[in-house]
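Student: Using only what follows, build the 3D model:
(one chain, ligands or ions: 1)
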Amino acid sequence: MSATVIDGKAVAAEVRERVAAEVRDLGESSGEVPGLATVLVGDDPASAVYVRNKRRATEEVGMRSIHHGLDGSTSQGELLDLLAGLNADDAVDGILVQLPLPAGIDQDAVIAAIDPAKDVDGLTAPSAGLLAQGRPGLVPCTPQGVMELLSHAGVDPAGAEAVVVGRSILVGRPLASLLLNADATVTVCHSRTRDLAAVCRRADILVAAVGRPALVRADWVKPGAAVIDVGMNRTDEGLVGDVDFAAVSEVAGAITPVPGGVGPMTIAMLLSNTVSAARKRRA
Ligand code: NAP
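Tutor: The predicted structure is shown next:
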């Protein structure tokens, strides 16, 4: 079997077009332009690239990008003061604090300081709670992108066995909730899971969100399964995922490549969350 390759770039482009149309509609009905505030602390080069891409994408769909680049020596108190200002600023619909933060700043305290109504990364406890209860709210971007890719590939989670490898608050946990809310039977695996290969082989939908190059091998995959690779690992051979793409493509029914699979969806869903937050705040 040779799997269908799910084109994340094409799906992300569709999402961006949809967001751009929503931004235009909002402008026509209210005269207002949604604003996304980005906060970058320190000078980590990878984080700087991520934020630059997010800002560019924000402007491309017609929204306003409001950026705060802070010195690496910024104190937690100063950062919390900035967030209080952004929470109170009516021109700001979404707040994105680029992670990781420099050592010495309590990431949990910073996330907790974001107004849940502007939590476009979906990382606050209120957002996570709503998702866990299956209620509407802002959902973390990468897992939301995975669901969008499954939908575009025609994979219906209802009744399916879904296995998520990884339990981070950024990817694994929210994705497990999304799959459960879509009526899949969900198993979440992690570093202490016994016989990971056997658990993965049960999956109709297998998602790897681990950070280990080519961890998922062909004999871990049920023939015909949909395999979604969230992993982004920088190696001497370039950027690779958590799935052995060449071998698994021979077994799976559908598969995402790295790059060009889940990656492009993350920014697209951030834009989608921002316009949703803007509409909700104005409703
Ligand atoms: P993370 O916070 O480091 O979590 C990794 C998870 O994998 C943990 O739950 C860990 O288990 C589990 N794990 C580690 N080694 C394992 C093993 N050998 N077998 C089974 N489980 C194992 O990472 P993350 O933030 O979720 O990110 C995961 C990957 O996705 C990374 O490569 C990251 O770069 C990528 N990512 C991509 C995007 C995108 O836009 N494409 C966005 C976010 C993340 P324990 O909990 O037991 O430690």
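Student: how about the longest helix seen in the chain: buried residues?
Tutor: Of all segments of type helix in the chain, defined using DSSP state H, the longest is helix 8-30. Buried residues in helix 8-30, counted by 16 or more other Cβ atoms under 10 Å: Gly8, Val11, Ala12, Val15, Arg16, Val19, Ala20, Glu22, Val23, Leu26. For every residue, glycine as well, the C-beta is placed using N, CA and C.
Student: what does stretch 230-246 give?
Tutor: For stretch 230-246, by 16+ other Cβ under 10 Å, it's Val230, Gly231, Met232, Asn233, Val240, Gly241, Asp242, Val243, Asp244, Phe245.
Student: quick one: which helix or strand includes the spatially most central residue of the chain?
Tutor: Ranked by distance to the mean C-alpha position of the chain (Cα atoms, centre = their mean), the top residue is Thr142 at 1.5 Å. Per DSSP states H and E, Thr142 falls inside helix 141-152.
Student: From Leu70, how far off is the closest residue to Pro126 other than its chain neighbours?
Tutor: Nearest residue to Pro126 in three dimensions, chain neighbours excluded: Pro116, at 4.1 Å (Cβ to Cβ, 6 or more residues apart in numbering). As judged by Cβ to Cβ, to the nearest Å, Pro116 and Leu70 stand 23 Å apart.
Student: Show me which of those two is the more surrounded one.
Tutor: Set Pro116 next to Leu70 and count neighbours by other Cβ atoms under 10 Å: Pro116 wins out with 18 against 15.
Student: And the pLDDT at the more buried one?
Tutor: pLDDT recorded at Pro116 is 98.
Student: and it, what does it touch?
Tutor: Residues in contact with Pro116 (Cβ atoms under 8 Å, 6 or more residues apart in numbering) are Thr124, Pro126, Ser127, Gly137, Leu138.
Student: and Gly145, how many neighbours?
Tutor: 30.
Student: Provide the secondary structure category for Ala84.
Tutor: helix (DSSP: H, G, I helix; E, B strand; the rest coil).
Student: distance of it from Gly238?
Tutor: For Ala84, the distance to Gly238 (Cβ to Cβ) stands at 42 Å.
Student: Repeat that for Leu206.
Tutor: Taking Cβ to Cβ, one finds Leu206 at 23 Å from Gly238.
Student: Contact residues of this protein facing the ligand?
Tutor: Residues of the chain lying close to the ligand by Cβ under 6 Å from any ligand atom are 142, 165-168, 170-172, 189-193, 196, 209-212, 230-233, 262-263, 266.
Student: Would you mind putting the CA coordinates of the one helix or strand Ala246 maps to into PDB?
Tutor: Taking DSSP H and E as the criterion, the element that holds Ala246 is helix 245-248. In PDB, the C-alpha atoms belonging to helix 245-248 read as follows (Å, rounded to 0.1, in the frame of the first residue of the first chain):
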ATOM      1  CA  PHE A 245       8.000   8.500   6.700                       C
ATOM      2  CA  ALA A 246       9.400   6.300   3.900                       C
ATOM      3  CA  ALA A 247       8.700   3.000   5.600                       C
ATOM      4  CA  VAL A 248       5.300   4.000   7.200                       C
END
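Student: from the chain's centre, how far out does it sit?
Tutor: Helix 245-248 sits 24 Å away from the centroid of its parent chain (Cα atoms, centre = their mean, to the nearest Å).
Student: likewise stretch 147-162?
Tutor: On Cα atoms, centre = their mean, the centre of stretch 147-162 falls 16 Å from the chain's centre.
Student: now swap in stretch 261-270 and tell me
Tutor: 6 Å.
Student: ok, back up a step: may I ask you to confirm that the residue nearest to the centre of the chain is in contact with Met269?
Tutor: Yes - with contacts counted by Cβ atoms under 8 Å, Thr142 reaches Met269, the gap being 7.5 Å.
Student: burial measure for the closest residue to Asp93 other than its chain neighbours, as a count.
Tutor: Closest residue to Asp93 apart from its sequence neighbours, by Cβ to Cβ, 6+ apart: Ala278 at 3.9 Å. Burial of Ala278, expressed as a neighbour count using other Cβ under 10 Å, amounts to 25.
Student: so what's Ala278 up against?
Tutor: By Cβ under 8 Å, 6+ apart, the contact set of Ala278 is Leu26, Glu32, Pro34, Gly35, Asp93, Gly94.
Student: So which of those residues is the closest to the ligand?
Tutor: Gly94 (17.2 Å; Cβ to the nearest ligand atom).
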